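Trainee: this is a predicted model, with the sequence first.
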Amino acid sequence: MPALTRQFAKINLHYCKPQPKTIPKCSNGIEQVEMGILINLNSLYTVYTPGNQDKENGGVTLTLLAMPVDLCATVSDQLILTFQSVPEVYAGNDVTVCENTLVSLQGEVVNSCYFTWQTSGDGAFENAESLITSYSPGLLDIESGKVTIWLAAQGCGPCEQIVKDSLDVTIKKLAFVDAGEDGIVCSDDIFILNQSAANNYKYIYWSTKGGMVF
């Protein structure tokens, strides 16, 4: 009696690194498969944990064997497990700016189908969906002196998890100075400067263009 054979269609699966994937498989115990690990190899429902070599290759082929009860031939089927990488995000380094200065942003994203910039404050992005953009601090940002900016990226299906990276912006207020009202004095008299004001400064310094000294 000739041996019977059966052919099965291949099934392609996508896998989000580094989470394990539950798939049908056969034999008992733990076994290395192309650097990955299969548990409960004699069960139709088992777990395959990819190895580093599998991830570097971008996928792995898994084979299910069925041994015949009597004289018929062994049959097998394969599936291809493809590894879809999760997003990697870099928002940039922390930065310090003056309150009237835009924050320049240049982020990096890989393995993502969608990304956007987000803020903890009330400022505005020139284009929140561009990796190279700028952020204009809002009034609350300036008042608090700091704001956190995130770059959030969503993975491609089936790995649609969101990964974020952030940078902190320190905002320095502009110095303010008011010399006071103009005045008129007699040429042989002194002028008392007692109406001046300043804040947000490191130090102050008077100067004159009239040849006089302080």
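Mentor: Noted; the coordinates are in hand.

Trainee: report all helices and strands that the helix or strand containing residue 37 contacts.
Mentor: Taking DSSP states H and E as the criterion, the element that holds residue 37 is strand 36-39. Taking 3 or more CB pairs under 8 Å, 6 or more residues apart in numbering; DSSP states H and E as the contact definition, the neighbouring helices and strands of strand 36-39 are strand 30-33, strand 46-49. For the C-beta atoms, the positions are set from N, CA and C on the backbone; glycine is no exception.

Trainee: between these, which has the poorest mean confidence score?
Mentor: When the helices and strands packed on strand 36-39 are compared by mean pLDDT, strand 30-33 comes last with a mean of 39.

Trainee: pop the domain breakdown of this structure in here.
Mentor: The chain is divided into the following domains under automatic domain parsing: 11-84, 88-172.

Trainee: quick one: average pLDDT of the last one?
Mentor: Per-residue confidence for domain 88-172 averages out to 96 on the pLDDT scale.

Trainee: quick revisit: can you mark which positions in the strand holding residue 37 are buried?
Mentor: Applying a neighbour-count criterion of 16 or more other CB atoms under 10 Å, the buried positions in strand 36-39 are 36, 38.

Trainee: for it, what is the distance to the chain centroid?
Mentor: For strand 36-39, the gap between its own C-alpha mean and the chain's C-alpha mean amounts to 31 Å (CA atoms, centre = their mean, to the nearest Å).

Trainee: then stretch 85-95?
Mentor: For stretch 85-95, the distance between its averaged C-alpha position and the chain's averaged C-alpha position is 4 Å (CA atoms, centre = their mean).

Trainee: export stretch 36-55 as CSV, just CAs?
Mentor: Output in CSV follows, covering the C-alpha atoms of stretch 36-55 (Å, rounded to 0.1, in the frame of the first residue of the first chain):
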residue,chain,number,x,y,z
GLY,A,36,14.9,30.0,20.2
ILE,A,37,13.1,27.9,22.9
LEU,A,38,10.0,25.7,22.6
ILE,A,39,8.2,24.5,25.7
ASN,A,40,6.0,21.4,25.8
LEU,A,41,6.9,20.1,22.4
ASN,A,42,4.3,17.3,22.4
SER,A,43,1.4,19.8,22.8
LEU,A,44,-0.5,21.4,20.0
TYR,A,45,-0.6,24.6,22.1
THR,A,46,2.9,25.7,23.3
VAL,A,47,5.0,28.8,23.6
TYR,A,48,8.0,29.8,21.4
THR,A,49,10.5,32.3,22.8
PRO,A,50,12.7,33.7,20.0
GLY,A,51,16.5,33.7,20.4
ASN,A,52,18.8,36.5,19.5
GLN,A,53,19.8,34.8,16.3
ASP,A,54,16.1,34.6,15.3
LYS,A,55,15.7,38.3,15.9
